[in-house]
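A.B. asks: Quick one, fold the following:
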Amino acid sequence: MSILIAPKLVSSRDQARELTASLPSDLSDTIVMVDCTALQASTPSFVDELVKAVLTDRQGGRLVIKGAPERTVELARRAAQNRGVIDRLETA
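C.D. replies: Numbering: from 1, shown residues only. Predicted coordinates:
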């Protein structure tokens, strides 16, 4: 399992790419957990890029979003649904 810590505020695709930059290019057998307990606000573009980077570009086995505000959870679900990877998204 790879664990990423989301900062307090996230607002851009660049921030999502920076957050996921340390991950390997192939995550097909990997669970990536993003700890969002400190997160207070996120934008749709950040969340969409996070889902894209982990589940689409790197073929992540599962993306777990932990402790996120409800709006962030909804944005993640929408992004995963739009990208056809909702079956590999978990929100806790």
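A.B. asks: show me the contacts for the residue nearest in space to the middle of the chain.
C.D. replies: Compute the mean C-alpha point of the chain, and by CA atoms, centre = their mean the closest residue is residue 50, 3.9 Å away. For residue 50, the contact set (CB atoms under 8 Å, 6 or more residues apart in numbering) comprises 16, 19, 20, 34, 63, 76, 79. Glycine gets a C-beta too; all of them are placed from N, C-alpha and C.
A.B. asks: ok, it to residue 88 distance?
C.D. replies: Using CB to CB, to the nearest Å, residue 50 is found at 13 Å from residue 88.
A.B. asks: Chain neighbours aside, what residue packs nearest to residue 90?
C.D. replies: residue 64 (4.6 Å; CB to CB, 6 or more residues apart in numbering).
A.B. asks: how many other residues sit next to the one you found?
C.D. replies: Look at residue 64: counted by other CB atoms under 10 Å, it has 18 neighbours.
A.B. asks: Ok, residue 81 next?
C.D. replies: 12.
A.B. asks: State the number of residues packed around residue 92.
C.D. replies: Neighbourhood size, residue 92 [other CB under 10 Å]: 10.
A.B. asks: is it true that it touches residue 63?
C.D. replies: No: with contacts defined as CB atoms under 8 Å, residue 92 does not count as touching residue 63, sitting 11.2 Å away.
A.B. asks: Which helix or which strand is home to the residue nearest to residue 90?
C.D. replies: Assigned by DSSP states H and E, residue 64 belongs to strand 62-66.
A.B. asks: which intervals of this protein have sub-threshold pLDDT?
C.D. replies: Scanning the chain for pLDDT under 70 picks out nothing.
A.B. asks: Sounds good, over and out.
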